[in-house]
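Peer 1: Turn this into a structure:
(2 chains)
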Number of protein chains: 2
Amino acid sequence: MSTLLLKNVILDGKTADVLVEGNRFKRIASEIAGEADRVIDAGGRKALIPPFYNTHTHAAMTLLRGYADDMELFTWLNDYIWPAEAKLTEEDVYCGTRLAILEMIRSGTVFFSDMYWHQRGAVRAAEEMGVRAAIGLLYLSGSDGEVLERNRRSNEELLASRGGNSGRIQITYAPHAIYTVSEPVLRRIAEEACANDLAIHIHASETSREVEECKAAHDGLTPIEYLDRLGILGRRTVLAHCTHLTDHDIELIRERRAVIAHMPCSNMKLCSGAFRFHDAFDLAGCRVTIGTDGASSNNNLSMLDEMKFAALLAKHESGLPTAARDADVFNLATRCGAEAYGIDAGVIAEGKLADAVLVKLDHPQMTGDYNLVANLVYSADSSVIDTVVCDGRVLMESGRIENETEILEQARACCRKLGRS
Amino acid sequence: MSTLLLKNVILDGKTADVLVEGNRFKRIASEIAGEADRVIDAGGRKALIPPFYNTHTHAAMTLLRGYADDMELFTWLNDYIWPAEAKLTEEDVYCGTRLAILEMIRSGTVFFSDMYWHQRGAVRAAEEMGVRAAIGLLYLSGSDGEVLERNRRSNEELLASRGGNSGRIQITYAPHAIYTVSEPVLRRIAEEACANDLAIHIHASETSREVEECKAAHDGLTPIEYLDRLGILGRRTVLAHCTHLTDHDIELIRERRAVIAHMPCSNMKLCSGAFRFHDAFDLAGCRVTIGTDGASSNNNLSMLDEMKFAALLAKHESGLPTAARDADVFNLATRCGAEAYGIDAGVIAEGKLADAVLVKLDHPQMTGDYNLVANLVYSADSSVIDTVVCDGRVLMESGRIENETEILEQARACCRKLGRS
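Peer 2: Okay, the predicted model is just below:
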């Protein structure tokens, strides 16, 4: 097995050496002697932290970053996003996902949970670039209630690919939402996901319209109550947005140990509503994670940005500066995100999968230097990210990533094709 | 006069050359032949944009970044910030302001309006590092209503320094707030500022307590109405925060053409309240600008961060995704900020003061590349900032700034002295 030695890193405030063997942390000590296939010396001026796990995005939508902004949701979707998406090929999704992964690595993220079309393009991009991903089997129902032929075909292709050979990519069930997927299909997904032990990833309780229509159609049940009745609400289910939760919804999510993916930027930009962070996390103790949503509604994939928005919005909405503390929010963006998708990572500890980030400490955003985590949550942007390791492999060293120019050029070529006329 | 030629920049979507002579833009054309003392070639892959003008901060509080977070306002002030500030010397303020300016340049800001102690330290830092600044004569009243001796002395020193010799630094009147400065002192400031044609910079309508106490003490007047009665509310007055405005306050601010400094991050973090962006700017057309506040309550000085927060919070609060449009918010952070302090800059145009930023376009955050301004407001962080010019002088070229290591080391030494025991 290949070895990687991270020397003189700052870990929990002390200088340490960290040995990676294969794809796991083998040993952590104040000094580790001996050889390794590759050595990275942090010189005592870079902190080693867990990387970020982005629990909800549509990665290839980087191709639509800045394509249409400052619009009502349905104008934005009907007149801009959907017509542009209709033009996307698998090759475009590959290019857009590579662009997304480039941005993720630069901002310290090594995992994303994706819900999008032409999934083989996303698998190929994630396999090549060395990150982890959860790629969704996308479900949308047609007027007959059955899964759209387009989805059925690309889901079959995704299953046939088995998510590549690296072991870094998992397949999830990703029914789009309760208002776009029929009840029989949702029930079937609940059963299949349980039988195959795969995660479910769904938009839930995102708009007031969704809530009203659900209540009208399903005996007054909220979307969360409805999902529970269908058997969808379990430990392996990730609920994206949750901006319209009742007290009973929070109680149900807590009891079922379902996971919330919180996307403050996208929710604020599209005026979806406010996730009740303080009630659901600080008080009820629900499992919460952080996602960026797609780059056309955020408009970036930075988990550093998203942590700051999550913390500040929770304080602002609750009126409590003590809500959403820095260490908690950091934990949600790292360990909790990994845990939500069953990834044995998100902490720097012997035996864990070797995912890690080196952060520059000789950086204005990291000075004063009283509290590393406060600086990461409230002050840092992607310019502090120095080196990124995923599954024991170095994806970026001192800001250098392979093929960056080519990835950007290909993505721009795709944009020219989608270009607004 | 020295000349600087910026070649092959992207300006308003086209490739252009820009000639700077002395401290002003001399000529902008598709191609400019001939020599210049210094040439920077952007190779057609960097956009030239106006830099940011930060209209309210306490720069040296970078030394207290991450010193205390997630606390109730008065615990934070009484138990942490004020005791630490009591230890600060002029040398500390010099070091902390240098750190702040380093961070500002890295994130594309060339001007800050400062309200802090030991102002000569801030003047020295801004003079040395080449940025513009408005340094406030700080006023706090003692129990007798008169200006604190400590303020009187440092204000005299600031006046004697005339803000240095560069012409980049202006002096302002900076009474802290209506609840810390007595009515006679505020009236005197109104008269003096008018006579000397200097700007006034004051915290205003920041907390509900300030509003309630003002109404109780001053015939039911709101802080804005009270300031108007004292003659403080005019074209050269910058009101920091304004998180508790009534409709009548908005009308008054609009009529008097006073300037609002909006600090969404700090307001959200400290739960101060929400500035009514959509009402005051989109609807009433008040003069609005953007500030970062100090790094102990934000916790960074990035105007890029602040623009995103301003836009997203305005949408979220108003429920309108069409509120706070990208181009408007960018304008507030650039041209309007310069204008508020009477600086003939903030746009790239012949005859204007030569303040400018080169932005990397070969960058994942800037791809898709449909809309430069949307990318700057919603996607970019400081990693896109390549080169910064202020008053015709290059402060950063391709990410390199003079003395960065020494500035960081000195700042860390100050932090050790302030260190929480």
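Peer 1: Contacts only, for the residue nearest to A:Gly419 when sequence neighbours are not counted.
Peer 2: Distances taken as Cβ to Cβ, 6 or more residues apart in numbering or on different chains place B:Tyr370 nearest to A:Gly419, at 7.3 Å, with adjacent residues excluded. Where C-beta positions appear, they are placed from N, C-alpha and C, glycine not excepted. By Cβ atoms under 8 Å, 6 or more residues apart in numbering or on different chains, the contact set of B:Tyr370 is A:Arg65, A:Gly66, A:Tyr67, A:Cys415, A:Gly419, A:Arg420.
Peer 1: buried subset of those?
Peer 2: Among those, those classed as buried by 16 or more other Cβ atoms under 10 Å in any protein chain shown are A:Arg65, A:Gly66, A:Tyr67, A:Cys415.
Peer 1: Please list which of those are also close to chain B.
Peer 2: A:Arg65, A:Gly66, A:Tyr67, A:Cys415 (Cβ under 8 Å from any Cβ of the partner chain).
Peer 1: The last one touches B:Gly368, doesn't it?
Peer 2: Yes: proximity of A:Cys415 to B:Gly368 meets the contact threshold set by Cβ atoms under 8 Å, at 4.5 Å.
Peer 1: so which of the contacts of B:Tyr370 would you say is closest to A:Asn196?
Peer 2: When the contacts of B:Tyr370 are compared for distance to A:Asn196 (Cβ to Cβ), A:Arg65 wins out at 34.1 Å.
Peer 1: So which of the ones next to chain B among the buried ones among the contacts of B:Tyr370 sit within strands?
Peer 2: Using DSSP state E, no member of these sits in strands.
Peer 1: Rebuild these as TSV, extending it with pLDDT.
Peer 2: Listed next are these as TSV, based on pLDDT from 0 to 100:
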residue	pLDDT
A:Arg65	97
A:Gly66	96
A:Tyr67	95
A:Cys415	96
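Peer 1: Name the nearest of these relative to B:Val20.
Peer 2: Looking across these and measuring by Cβ to Cβ, the closest to B:Val20 is A:Gly66, at 29.3 Å.
Peer 1: how about that closest one, what does it touch?
Peer 2: A:Asn299, B:Gly368, B:Asp369, B:Tyr370, B:Asn371, B:Ala374, B:Asn375, B:Tyr378, B:Ser379.
Peer 1: Just flag the most distant two among these.
Peer 2: Checking the contacts of A:Gly66 with Cβ to Cβ, the most distant pair is B:Asp369 and B:Tyr378, at 13.5 Å.
Peer 1: Which one's more surrounded, those two?
Peer 2: Using other Cβ atoms under 10 Å in any protein chain shown as the criterion, B:Asp369 and B:Tyr378 rank with B:Tyr378 on top: 29 against 19.
Peer 1: With adjacent residues omitted, what lies nearest to that one?
Peer 2: B:Tyr378 sits nearest to A:Asn299 (Cβ to Cβ, 6+ apart), 3.9 Å away.
Peer 1: Could you confirm that neighbour falls within a helix?
Peer 2: No: membership of A:Asn299 in a helix is not supported by DSSP: H, G, I helix; E, B strand; the rest coil, which gives coil.
Peer 1: thinking again about what came up before, overlap in contacts of A:Cys415 and B:Gly368?
Peer 2: Joint contacts of A:Cys415 and B:Gly368 (Cβ under 8 Å, 6+ apart) are A:Leu63.
Peer 1: Please, where are all the strands along the stretch 201-350 of chain A?
Peer 2: Under the criterion DSSP state E, counting those that start in this stretch, the stretch 201-350 of chain A contains strands at A:237-241, A:259-262, A:287-290.
Peer 1: Out of those, which one sits most buried?
Peer 2: strand A:259-262 (a mean of 29; mean count of other Cβ atoms under 10 Å in any protein chain shown).
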